[in-house]
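A.B. asks: Fold the stuff below for me.
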Amino acid sequence: MEQEDLDYVLVPLGLCVLGTYHVWLLITVLRHPIRTVIGLNSQSRHQWVLSMMSDPLKNGVLAVQTIRNNIMASTLLATTAITLSSLISVFVSSTSNSGNTSNLVYGNKTATLFNKVLLYLAVLSCCLSLQCAVY
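C.D. replies: Reported below is the predicted structural model:
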């Protein structure tokens, strides 16, 4: 296989591995939630809510502050994801043909629009799936 055709095999293979992992994670969360961090976090949140509701006068301010901090953290992560997506799109859409290609980049190094869009979508889907895993 030629080096120019390597992207047409490796990028769909990487997306297939990513999709397979997410399907496995979904099945595991639905059938055995204790085996995942998502299920453990859900159970601990449920227990936390029950403990906060047991004495609302004592724990009311703590509950409100905790919810506020979670909203602020979610906003920060969303802003970071949008910023990274914008940086990736700028990197992919740059049209500089300096001729200096890195040895870390495998596959097709030509600057066609299809290759840039394919690279952008692959990296963006990977970043967004990691950001969704955080939530």
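A.B. asks: contacts and neighbour counts: CA atoms only from here.
C.D. replies: Fine.
A.B. asks: Output the below-cut-off pLDDT ranges for this structure.
C.D. replies: For the chain, residues meeting the criterion pLDDT under 70 lie at 1, 3-4, 91-116, 119, 127-135.
A.B. asks: Just give me how far the longest helix seen in the chain sits from the chain centre.
C.D. replies: Looking across the chain with DSSP state H, the single longest helix is helix 56-93. Between the centre of helix 56-93 and the centre of its chain there are 14 Å (C-alpha atoms, centre = their mean, to the nearest Å).
A.B. asks: what's the answer for stretch 19-28, then?
C.D. replies: 14 Å.
A.B. asks: Could I get the buried residue list for that stretch?
C.D. replies: Going by neighbour count (16 or more other C-alpha atoms under 10 Å), the buried part of stretch 19-28 is residue 25.
A.B. asks: Please enumerate residues in contact with it?
C.D. replies: For stretch 19-28, the external contacting residues (C-alpha atoms under 8 Å, 6 or more residues apart in numbering) are 35-36.
A.B. asks: helix or strand for residue 14, which one?
C.D. replies: The secondary structure element spanning residue 14 is helix 7-31 (assigned by DSSP states H and E).
A.B. asks: quick one, what contacts the closest residue to residue 36 other than its chain neighbours?
C.D. replies: In space, and not counting its chain neighbours, residue 36 is closest to residue 29: 6.6 Å by C-alpha to C-alpha, 6 or more residues apart in numbering. Taking C-alpha under 8 Å, 6+ apart, we find residue 29 in contact with 35-36, 38-39.
A.B. asks: As a quick check, tell me the outermost residue of the chain.
C.D. replies: For the chain, the largest distance from the centre (C-alpha atoms, centre = their mean) belongs to residue 57, which lies 38.4 Å off.
A.B. asks: tell me the contacts of residue 88?
C.D. replies: Residue 88 makes contacts with 120, 123-124, as judged by C-alpha under 8 Å, 6+ apart.
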